[in-house]
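[1] have a look; sequence and predicted model below, questions after that.
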Amino acid sequence: MNTQLSEKLFEEAKKYIPGGVNSPVRAFKSVGGTPLFISKGYGSKMIDVDGNEFIDFIGSWGPHLFGHNPPFIKQAILNALENGTSFGAPTELEVKIAQLITELVPSIEMIRMVNSGTEATMSAIRAARGFTGKDKIIKFEGCYHGHGDFFLIKAGSGALTFGVPTSPGVTKGNAADTLIAEFNNIDSFKKLIKENKSSYGNTIAAVIIEPVVGNMGTVIPKENFLKELRDICSEEGIILIFDEVMTGFRLSKGGAQELFNVKPDLTTFGKIIGGGLPVGAYGGRRDIMEMISPSGPIYQAGTLSGNPIAMSAGYAALSYIKNHPEIYDTLEKNSAYLENGIREGIKSLGKNYQLNRIGSMMTLFFTEEPVMDYKSALKSDTQLFARYFHEMLNRGIYLPPSQFEAMFVSTAHSIEDLEKTINASNEALRKVLAN
């Protein structure tokens with residue numbers, strides 16, 4: 001595979017952009033080698049600057065439910081461009097997409113548009129703190145909620161201690177207000193609640209969680225884990241926030257909360273509600289959302305929030321979901337086909353590597369122990385994954401360049417694409433295991 005132009009561009013990029021990329025995982029650091037610079041995407045495929053074509057299973061990290069550049073979204077963007085790109089003033093389309101989201105997701109009574117998933121999660125936490133008058137939040141180890149200061153926290157000496165910063169620039173004060181629980185371990189959550197009570201009640205404003213984790217690889221909640229979480233939050237007066245930046249409108253039209261029949265107080269969304277354009281949103285209970293400025297005292301603003309280009313693309317995407325609910329049957333059928341094919345290949349080699357899948361999200365973990373949380377995910381052989389990644393790339397399959405990310409199937413992936421991917425996986429596994 002010729003990568004000369006990508007290599008040249010990467011060297012040039014490093015002179016002007018930190019690490020040569022505008023988001024760290026793109027740099028291929030965890031798998032080695034040079035990142036490929038992409039020039040075009042269409043359907044299930046991407047083409048790099050050297051002319052190499054790949055079947056893409058990143059889908060811009062999730063939002064490309066319909067593949068790259070679907071005609072109905074492209075046309076919506078072109079139509080919007082005729083009228084202007086941004087006004088800094090309200091538009092009718094903002095109202096229409098807000099109405100549509102509240103129709104599709106029953107827990108959403110009001111919603112505020114922002115420009116990224118990170119902005120959505122930061123704003124949701126501020127809303128919860130402002131509403132409750134409390135400072136502390138709980139997040140779960142291995143869940144990623146963007147690069148807000150109070151999210152870049154890991155567990156200290158034990159998983160139930162106060163968090164410590166994982167990035168320079170994050171203050172100890174921020175870390176002290178962030179508590180860490182273990183995903184799929186409701187007892188770890190209960191212990192934090194117990195340890196953070198005063199004579200006035202608990203001191204926790206909110207808990208935020210990826211209902212299905214995508215940022216330590218795909219990790220699925222145990223039965224009743226989310227329901228127990230919901231019950232405890234209701235009893236304790238804690239705001240439950242579902243981070244559905246990745247799962248919203250991907251796992252079902254109502255997201256993971258519809259799939260597991262658990263209603264959060266607030267939900268955050270990402271790029272999928274912008275048809276793949278830079279968009280985020282947070283919404284939920286009316287009494288909380290009406291605390292947001294200008295109807296309430298909690299300040300949050302954004303010049304480009306709800307801009308007509310992104311809203312047009314998002315409205316087209318969500319309208320398609322509403323009018324074509326059968327897409328989720330197609331996604332399930334095709335994703336199961338891919339899962340079963342890869343599993344058979346693993347089994348034929350006498351291995352029991354873990355393949356976690358829910359709907360059109362999945363991750364192959366190079367460990368033979370079940371992956372249920374952050375600690376079990378870390379048992380994966382990352383070096384073996386890196387070799388597998390490059391063998392797949394050489395066979396025209398573009399996977400996430402990290403063991404700890406999810407891959408995504410789109411409606412654009414054909415059976416031929418999936419068969420090619422299964423065959424490539426079988427060949428790649430045989431090669432990396434032989435070395």
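    Alright, I've got the coordinates.
[2] so what's the residue count around Y337?
    16 (other CB atoms under 10 Å). Every C-beta, even on glycine, is put in place using the N, C-alpha and C of the backbone.
[3] and the helix or strand encompassing F389, how far out from the chain's middle?
    Element membership of F389, judged by DSSP states H and E, is helix 382-394. Offset of helix 382-394 from its chain centre (CA atoms, centre = their mean, to the nearest Å): 22 Å.
[4] contacts for that helix?
    1, 30-33, 36, 54, 364, 366, 398-399, 401, 403, 424-425, 427-429, 431-432, 435 (CB atoms under 8 Å, 6 or more residues apart in numbering).
[5] give me that answer again for 10 Å
    Helix 382-394 is contacted from outside by 1, 3, 28, 30-33, 36, 52, 54-55, 57, 217, 353, 363-367, 381, 397-404, 421, 424-425, 427-433, 435, using CB atoms under 10 Å, 6 or more residues apart in numbering.
[6] show me which positions of that helix end up buried.
    Within helix 382-394, the residues that count as buried by 16 or more other CB atoms under 10 Å are L384, F385, A386, R387, Y388, F389, H390, E391, M392, L393.
[7] mind putting those into JSON lines with pLDDT?
    Below are these laid out as JSON lines (pLDDT from 0 to 100):
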{"residue": "L384", "pLDDT": "97"}
{"residue": "F385", "pLDDT": "97"}
{"residue": "A386", "pLDDT": "96"}
{"residue": "R387", "pLDDT": "97"}
{"residue": "Y388", "pLDDT": "98"}
{"residue": "F389", "pLDDT": "98"}
{"residue": "H390", "pLDDT": "97"}
{"residue": "E391", "pLDDT": "98"}
{"residue": "M392", "pLDDT": "98"}
{"residue": "L393", "pLDDT": "98"}
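[8] from those, which two are the most distant?
    Pairwise distances across those peak at 15.1 Å for L384 and L393 (criterion: CB to CB).
[9] remind me what the strand or helix carrying L192 packs against, helices and strands.
    Per DSSP H and E: L192 is located in helix 186-195. Counting contacts by 3 or more CB pairs under 10 Å, 6 or more residues apart in numbering; DSSP states H and E, helix 186-195 packs against strand 136-140, strand 178-181, strand 201-202, strand 204-209, helix 225-236.
[10] which other helices and strands contact the longest helix anywhere in the chain?
    Longest helix in the chain, counting residues (DSSP state H): helix 327-348. Counting contacts by 3+ CB pairs under 10 Å, 6+ apart, helix 327-348 packs against helix 308-323, strand 354-358, strand 361-365, strand 407-408, helix 415-434.
[11] now these as JSON lines including mean neighbour count, mean pLDDT and distance to T330?
    Formatted as JSON lines, the helices and strands packed on helix 327-348 follow (neighbours: other CB atoms under 10 Å; pLDDT from 0 to 100; distance: least, CB to CB, whole Å):
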{"stretch": "helix 308-323", "mean neighbour count": "22", "mean pLDDT": "97", "distance to T330": "12"}
{"stretch": "strand 354-358", "mean neighbour count": "20", "mean pLDDT": "98", "distance to T330": "15"}
{"stretch": "strand 361-365", "mean neighbour count": "24", "mean pLDDT": "97", "distance to T330": "15"}
{"stretch": "strand 407-408", "mean neighbour count": "26", "mean pLDDT": "98", "distance to T330": "14"}
{"stretch": "helix 415-434", "mean neighbour count": "17", "mean pLDDT": "97", "distance to T330": "11"}
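[12] can you get me a residue count around D231?
    Neighbours of D231 using other CB under 10 Å come to 14.
[13] separation between the residue most central in space within the chain and R129?
    Geometric centre of the chain, nearest residue: M246, 2.9 Å, by CA atoms, centre = their mean. Going from M246 to R129 by CB to CB, to the nearest Å gives 24 Å.
[14] any chance of JSON lines for the buried residues of helix 382-394, columns distance to N185?
    Formatted as JSON lines, the buried residues of helix 382-394 follow (distance: CB to CB, whole Å):
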{"residue": "L384", "distance to N185": "27"}
{"residue": "F385", "distance to N185": "25"}
{"residue": "A386", "distance to N185": "29"}
{"residue": "R387", "distance to N185": "32"}
{"residue": "Y388", "distance to N185": "30"}
{"residue": "F389", "distance to N185": "30"}
{"residue": "H390", "distance to N185": "35"}
{"residue": "E391", "distance to N185": "35"}
{"residue": "M392", "distance to N185": "33"}
{"residue": "L393", "distance to N185": "36"}
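[15] nearest to K136 among these?
    F385 (35.7 Å).
[16] compute the distance between that closest one and K347, please.
    As for F385, its distance to K347 is 18 Å (criterion: CB to CB).
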